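[1] Mind looking at a prediction? Sequence and model below.
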Amino acid sequence: MACRGEHQQAIADIQGPQFWSQPWFATRFKLRYDEQFLYIAAYLEETAVWGNVSERNDVIFHDNDFEVFVDADGSTHNYKEFELNARNATWNLWLNRPYRDGGHENSSRVDPLHGFDMLSSGMRSAVFVPGHINDPGERLHYWTAEIALPLSQLALHSKAQVPPTPLTFWRINFSRVEWPVRLVTNSQTGKQHYEKEPGIREENWVWSAQYAVDMHRPEWWGYLQFRPRSELPSSSLDNRQPSEVAVPLDPEWSVRYVSFQFYYAQHAFHKATRSFTSHMEELLPFVTSREALGCMTVLDIHASTESFTARIASKYPDSNKDLQFIATIKDDGYIVVDKMSSTDMAATYE
């Protein structure tokens, strides 16, 4: 997705587009940016516009909500999360790493005095509801949100530059939590209100599928490319709409993908044996993507009972011979990708 203001419309169930249940309401959003903020406008189709949470930095996803996740440098660590409901109650937090890797929330919800909070850096939001919230008699069909997130806070404790370097990538995802509700009539007043259907879990709809009911898998988030108007590709100068101008693929994607297949295999091995391994042959039965094996070159592994670090190479997407991108990945999912020429690689690993 290029950060230039086109509508993004395709959302799917969090478990992927092949999952049996898919979104039944439309979601559209636009993005723009300047030197200070990432701006997001969202349209959320909805037939029951309701919200109970009203305190800032409370757990917003107990209501229907709209969520934004940003990993500025693609390391899967130190990413930020923003949630908002139809009452414009918001929650923003910083995750040092995913929960699966021992991560924890840093926010003013858990630490009112010293917790992370983008509000002091200019974060702001607004909601429009074409009627009264929590009133079934209104027969509403949508609500909208506008959000400004400070780039400096989104990039905090990462290697990303602010303002973003033109044409660089950040990782991003968007989510909707949708609770099934029913109409309940007060026997004394005759007034109706919305109530969650008891015993039924929420739906989770996302822009980039997670292939699990877990938004905290940053390796599966989508891509945001910062594209100033002066840097628009020539193809955008014809009669096509901005959304038809393709964002180029991240050349690091291949090595990132195979590195996380290695990460998943190591953790599956650890679950089975209570240890990580330095021997790739021991991991082979635990690699679920056979395709990844054909694209993966494991340069070295250092492992112990409780940790591992590995360096992994993958072939450059535009070349069948030259290994250029090298990923270093750790047991806690932290990943860094470096570029190395084939000549330097040969000299280093002979």
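    Perfect, I can see it now.

[2] CA atoms for contacts and neighbours, from now on please.
    OK.

[3] which residues sit in contact with R124?
    Applying C-alpha atoms under 8 Å, 6 or more residues apart in numbering, we find R124 in contact with 147-149.

[4] Could you tell me which of those residues belong to strands?
    Those of those mapping onto strands are 147-149, per DSSP state E.

[5] Helices along the stretch 151-300 of the chain, start to end?
    151-154, 253-273, 280-283, 290-295 (DSSP state H, counting those that start in this stretch).

[6] ok, the nearest residue to L44 once chain neighbours are set aside - contacts?
    The shortest distance from L44 to any residue other than its chain neighbours is 4.8 Å, reached at T27 (C-alpha to C-alpha, 6 or more residues apart in numbering). Applying C-alpha under 8 Å, 6+ apart, we find T27 in contact with 9-11, 42-45.

[7] Which per-residue confidence value corresponds to T27?
    Turning to T27, the model gives it a pLDDT of 96.

[8] again with K315
    The predicted local confidence for K315 is 66.

[9] ok so, going back, now rank the contacts of R124 by neighbours and give me the top one.
    Ranked by neighbour count (other C-alpha atoms under 10 Å), those have L149 at the top, with 23 neighbours.

[10] Tell me which residues touch it, please.
    Under the criterion of C-alpha under 8 Å, 6+ apart, the contact list for L149 reads 37-39, 118, 122-124.

[11] Compute the distance between T90 and Q192, please.
    Here the criterion is C-alpha to C-alpha, to the nearest Å. By it, T90 lies 26 Å from Q192.

[12] quick one: which of those two has more around it?
    The neighbour count for T90 versus Q192, taken as other C-alpha under 10 Å, is higher for T90 (24 against 16).

[13] What sits closest to that one if chain neighbours are left out?
    Residue nearest to T90 in three dimensions, not counting chain neighbours: L84, with 4.5 Å by C-alpha to C-alpha, 6+ apart.

[14] Next, count neighbours for the one you found.
    Counted with other C-alpha under 10 Å, the neighbours of L84 add up to 29.

[15] Quickly list what it is bridged to.
    With DSSP bridges applied, the residues forming beta bridges to L84 are F66, T90.

[16] and it, what does it touch?
    If you count contacts by C-alpha under 8 Å, 6+ apart, L84 has them with 60, 65-67, 90-91.

[17] Output those as a markdown table; include the columns pLDDT and distance to D332.
    Formatted as a markdown table, the contacts of L84 follow (pLDDT from 0 to 100; distance: C-alpha to C-alpha, whole Å):
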| residue | pLDDT | distance to D332 |
| --- | --- | --- |
| I60 | 97 | 27 |
| D65 | 98 | 29 |
| F66 | 98 | 28 |
| E67 | 98 | 24 |
| T90 | 98 | 29 |
| W91 | 98 | 25 |
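
[18] Let's have the residues you listed in JSON lines, adding distance to D331.
    As requested, those are arranged in JSON lines below (distance: C-alpha to C-alpha, whole Å):
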{"residue": "I60", "distance to D331": "31"}
{"residue": "D65", "distance to D331": "32"}
{"residue": "F66", "distance to D331": "31"}
{"residue": "E67", "distance to D331": "27"}
{"residue": "T90", "distance to D331": "32"}
{"residue": "W91", "distance to D331": "29"}
